[in-house]
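1. Here is a sequence together with a model predicted from it:
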There are 2 protein chains.
Amino acid sequence: MSGPGGPVVGMIGAGQLARMTQQAAIALGVELRVLAGSRDESAARVVADVRLGDHRDLSDLRDFAKGCDAVTFDHEHVPTEHIEALLADGFAVHPGAEALVHAQDKAVMRERLTAIGAPCPAWRRVATAADVEGFAADHGWPVVLKAVRGGYDGRGVWICRSAADAAEVLASGVPLLAEAFVPFERELAVLVARSPHGQGVSYPVVETVQRDGICVEVLAPAPGLDPEAAAAAQRIALGIAKDLGVTGLLAVEMFATASGLVVNELAMRPHNSGHWTIEGARTSQFEQHLRAVLDLPLGSPAPTAPVVVMANLLGGEDPDVFSRYEHVMAHDPGIKVHFYGKEVRPGRKIGHVTALGTDLGEVRARARHAAVYLCEGTYT
Amino acid sequence: MSGPGGPVVGMIGAGQLARMTQQAAIALGVELRVLAGSRDESAARVVADVRLGDHRDLSDLRDFAKGCDAVTFDHEHVPTEHIEALLADGFAVHPGAEALVHAQDKAVMRERLTAIGAPCPAWRRVATAADVEGFAADHGWPVVLKAVRGGYDGRGVWICRSAADAAEVLASGVPLLAEAFVPFERELAVLVARSPHGQGVSYPVVETVQRDGICVEVLAPAPGLDPEAAAAAQRIALGIAKDLGVTGLLAVEMFATASGLVVNELAMRPHNSGHWTIEGARTSQFEQHLRAVLDLPLGSPAPTAPVVVMANLLGGEDPDVFSRYEHVMAHDPGIKVHFYGKEVRPGRKIGHVTALGTDLGEVRARARHAAVYLCEGTYT
């Protein structure tokens, strides 16, 4: 490992996940390099070593990877074959292509999870109206159609209540799979880390609250979750990480149903459901990811407070969020504000706030107040 | 305040204090700009907006300050008259020249502290052997001689046990003051913040442990400190901040003696005695400093754990600290490591570690084990 700056980790992508990874890299003495499309991107604004390039271009990726002790990802959009090429070149890419494909391709993910016995909803690849209607005949409406690749934050997911709904989605021509609609009680997420050595750790199970398919709030730990159910969720996530050979972080989004847990989605990178760990866990997910991809011993996932609530900041009509810092900081000297340095657009994730304490109702109200005021300039 | 990146804070100097300020700036969406002598400096390695220049050159300082919402300092070595010039230009410089001079010039500091009634040792400006002998006649040996300007980390401080010792120091020709030697029981430090609005907050009083004039360990809160003595120390520090018109952070180093507290040194910037706040307080000193210089409401200084111990990492003989991460992280998954990206030289501050917990003995042993192993590769 080189020079006073320590090991070099290259992160492909320069969004807010890379930005927050920089905070952890600074402490560890890790030199973070990002591959950005422009110097205005969230992480490019806060990192010294910014390489401009296209994550879909193998030659850009090769130039980027040179000199990195580990290469990892801010997003899942790097073509699988390019990752295979980097690995063949001898670069240490974490997670590797064989693992990451399960976070890139939902059909591959469902096949594999089914094979290893992880709890999934009924699912099937579909291409035609007849396929969807056949699936609905077996499992009923609504049918959830998902783009096999490229969806995020609720995009690429359609809840179809009829053949007419499905026809509209099919008309787009994107490869799809159908899943049975899961009548869930709430959504949970489990964040685990696994290193190339095979060490694994799990953070406490959290509850995620979504609005219009976008996570708006994370409650850590998941309120009132039975300890056995929590342990079962952690076992599922650690088992998936091991069976898929994940290196780095794995976020497993789950539905809690009356009859148990069902895996919804996988992500193999720092994840929105883990932003609470920056202040709320002894080791933040960003530090944990760096430790994992460098094959260092993993850090303690122990919580630092009984209750932690993270609320996302979704851009409102008035872009001048900074003018609203004064009220929020004066109102609550303990609130932690995180801005991503992104242009404010309505509905866009532009930051998050975290509140810590002992009483869920109070902590949640604090986080919500700060989030609503920062985004909208109104009180809750 | 401008663009998606938020307010711009310019920090003159690019050492580890600016480096750690970047972690806080990232969260707040503050764009941190640093004035560095080279791109290899600690903070220049982790900041996007690095300006190369000389902090003693007014024209470099003026170029640097343009476009900054606030200008502040990583160190105290900017000539006072240059700071006055920047203020006259209309730049928002925090702390201002009138306050900062008390952290730059120990004679000015002693005059002022004496005038406002803050507890000081007996002191006098001295220029000749006769001056020192006269001072010794009044206050006894040893006499502490201090360089009026430019000292840090024990440099510029000489404990003279005789006229012969003093003669050696006087021969250097630097302007000096003499202070009575304080037979202290231990050293304490109080870190406070004050905003241009006049809001002030104080962190818990800590004990600092020095070796050869360099801080090696900070215990937060100061073990066994009587609550009234702690409140008195905080009152002294907040009073100095107010009376001197400090904006930003003020660290007040004190001696605890059998007859009460004595102020030793002042610093007006993030301070080594406050590194524990990164994980150990709800608002880190670095975030607090940014909030203060931007005149935002100050954050909660509440501790996040009953006991926090910070141990400095002083370079040892073997520079390859990164090879020793594995043991330290495997041994203690809760230890927090901070490296400054500086070339390792024996005795140089290259980083610090922080341990948090409930039992002082155990937490201190954890911090010490990690620090000794990282620096020396040996066990304690």
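-> That came through, no problem.
2. Next, give phi and psi for the nearest residue to A:Phe181 once chain neighbours are set aside.
-> The spatial neighbour of A:Phe181 that comes closest, neighbours along the chain excluded (C-beta to C-beta, 6 or more residues apart in numbering or on different chains), is A:Pro142 at 4.5 Å. Any C-beta I mention is one placed from the backbone N, CA and C, and that applies to glycine too. When quoted as degrees, to the nearest 10, the phi and psi of A:Pro142 stand at phi -70, psi 160.
3. pretty sure A:Pro142 contacts A:Ala163?
-> No - counting by C-beta atoms under 8 Å, A:Pro142 stays clear of A:Ala163, with 11.4 Å between them.
4. Let me see the contact set for the most centrally placed residue in chain A.
-> A centroid search over chain A (C-alpha atoms, centre = their mean) returns A:His271, at 2.6 Å, as the residue closest to the centre. Neighbour list for A:His271: A:189, A:191, A:249, A:251, A:285 [criterion: C-beta atoms under 8 Å, 6 or more residues apart in numbering or on different chains].
5. Closest one of these to chain B?
-> Chain B lies nearest to A:Gln285 out of these, by C-beta to the nearest C-beta, at 14.6 Å.
6. What's the local residue count around the residue nearest to A:Phe181?
-> Counted with other C-beta atoms under 10 Å in any protein chain shown, the neighbours of A:Pro142 add up to 16.
7. and it, what pLDDT?
-> A:Pro142 is assigned a predicted lDDT (pLDDT) of 97.
8. Same question for A:Met109.
-> On the pLDDT scale, A:Met109 gets 97.
9. does it really touch A:Ala267, like I thought?
-> No - using C-beta under 8 Å, A:Met109 is not in contact with A:Ala267, being 10.7 Å away.
10. quick one: common contacting residues for these two?
-> Common neighbours of A:Met109 and A:Ala267 (C-beta under 8 Å, 6+ apart) are A:Ala103.
11. Which of the contacts of A:His271 fall within strands?
-> Residues of the contacts of A:His271 located in strands (DSSP state E): A:189, A:191, A:249, A:251.
12. okay, now A:Val132: neighbour count?
-> 24.
13. show me the contacts for it.
-> So A:Val132 contacts A:126, A:143, A:145, A:160, A:163, A:166, A:170, A:178 (C-beta under 8 Å, 6+ apart).
14. So what's the predicted local confidence for the first one?
-> In other words, A:Val126. As predicted, A:Val126 sits at a pLDDT of 96.
15. in the stretch 151-300 of chain A, which spans are helices?
-> Secondary structure of the stretch 151-300 of chain A (DSSP state H, counting those that start in this stretch): helices located at A:163-170, A:227-244, A:277-280, A:285-293.
16. who wins for proximity to B:Phe255 among those?
-> helix A:277-280 (34.3 Å; C-beta to C-beta).
17. what's the closest one in contact with?
-> Helix A:277-280 is contacted from outside by A:20, A:23, A:191, A:203, A:220, A:283-286, A:288, A:301, A:303-305, A:308, A:310, A:336, A:338, A:354, A:356, B:27, using C-beta under 8 Å, 6+ apart.
18. again with stretch A:57-71
-> Counting by C-beta under 8 Å, 6+ apart, A:1-2, A:7-12, A:33, A:35, A:51, A:53-55, A:78, A:82, A:85-86, A:89, A:91-94, A:293-294 sit against stretch A:57-71.
19. So how do I select the buried members of the residues you listed in ChimeraX?
-> Buried residues among the contacts of stretch A:57-71 (16 or more other C-beta atoms under 10 Å in any protein chain shown), as a ChimeraX selection:
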select /A:1,7,8,9,10,11,12,33,35,51,53,55,78,82,85,86,91,92,93,94,293,294
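20. about what we covered before: would you format the contacts of A:His271 as TSV with neighbour count included?
-> Conversion of those to TSV gives the following (neighbours: other C-beta atoms under 10 Å in any protein chain shown):
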residue	neighbour count
A:Ala189	26
A:Leu191	29
A:Leu249	28
A:Ala251	24
A:Gln285	28
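21. any chance of those in CSV, plus pLDDT and distance to A:Leu314?
-> Below are those laid out as CSV (pLDDT from 0 to 100; distance: C-beta to C-beta, whole Å):
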residue, pLDDT, distance to A:Leu314
A:Ala189, 98, 18
A:Leu191, 98, 22
A:Leu249, 98, 23
A:Ala251, 98, 20
A:Gln285, 98, 21
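22. Closest to B:Ala118 out of these?
-> Distances from B:Ala118 to the contacts of A:His271, taken by C-beta to C-beta, are shortest for A:Gln285, at 45.1 Å.
23. burial of the closest residue to the closest one other than its chain neighbours, as a residue count?
-> Distances taken as C-beta to C-beta, 6+ apart put A:Gly274 closest to A:Gln285, at 3.7 Å, once the chain neighbours are dropped. Close neighbours of A:Gly274, defined as other C-beta under 10 Å, add up to 31.
24. ok, A:Gly274 - contacts?
-> A:189, A:191, A:203, A:249, A:251, A:285.
25. any idea how far it is from chain B?
-> A:Gly274 sits 15 Å away from chain B, going by C-beta to the nearest C-beta, to the nearest Å.
26. How about A:Leu100?
-> Plainly put, A:Leu100 is 25 Å away from chain B if you go by C-beta to the nearest C-beta.
27. So that residue sits against A:Met268, correct?
-> Yes - taking C-beta under 8 Å as the definition, A:Leu100 is a contact partner of A:Met268 at 5.6 Å.
28. shared neighbours of those two, which are they?
-> By C-beta under 8 Å, 6+ apart, the residues touching both A:Leu100 and A:Met268 are A:73, A:76.
29. tell me which element the nearest residue to A:Val93 once chain neighbours are set aside is part of?
-> Among residues not flanking A:Val93 along the chain, A:Val71 sits closest, at 4.7 Å (C-beta to C-beta, 6+ apart). According to DSSP states H and E, A:Val71 maps onto strand A:70-73.
30. Extract the CA atoms of that strand and return them as PDB.
-> Output of strand A:70-73 as PDB, limited to C-alpha atoms (Å, rounded to 0.1, in the frame of the first residue of the first chain):
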ATOM      1  CA  ALA A  70      -9.600  -1.900  -4.900                       C
ATOM      2  CA  VAL A  71     -12.300  -0.800  -7.300                       C
ATOM      3  CA  THR A  72     -15.900  -0.600  -6.200                       C
ATOM      4  CA  PHE A  73     -19.200   1.000  -7.100                       C
END
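31. and A:Ala18, which of the three is it?
-> helix (DSSP: H, G, I helix; E, B strand; the rest coil).
32. burial measure for it, as a count.
-> By the measure other C-beta under 10 Å, the count of residues near A:Ala18 is 30.
33. got the contact list for the closest residue to chain B within the stretch 251-380 of chain A?
-> The stretch 251-380 of chain A approaches chain B most closely through A:Phe339 (2.9 Å), counting by C-beta to the nearest C-beta. Neighbour list for A:Phe339: A:313, A:321, A:350-351, B:6, B:27-29 [criterion: C-beta under 8 Å, 6+ apart].
34. Let's see that with 10 Å instead.
-> Neighbouring residues of A:Phe339 by C-beta atoms under 10 Å, 6 or more residues apart in numbering or on different chains: A:16, A:19, A:42, A:313, A:321-322, A:325, A:350-353, A:374, B:4-6, B:26-30.
35. Among the residues you listed, which ones are in strands?
-> A:313, A:350-353.
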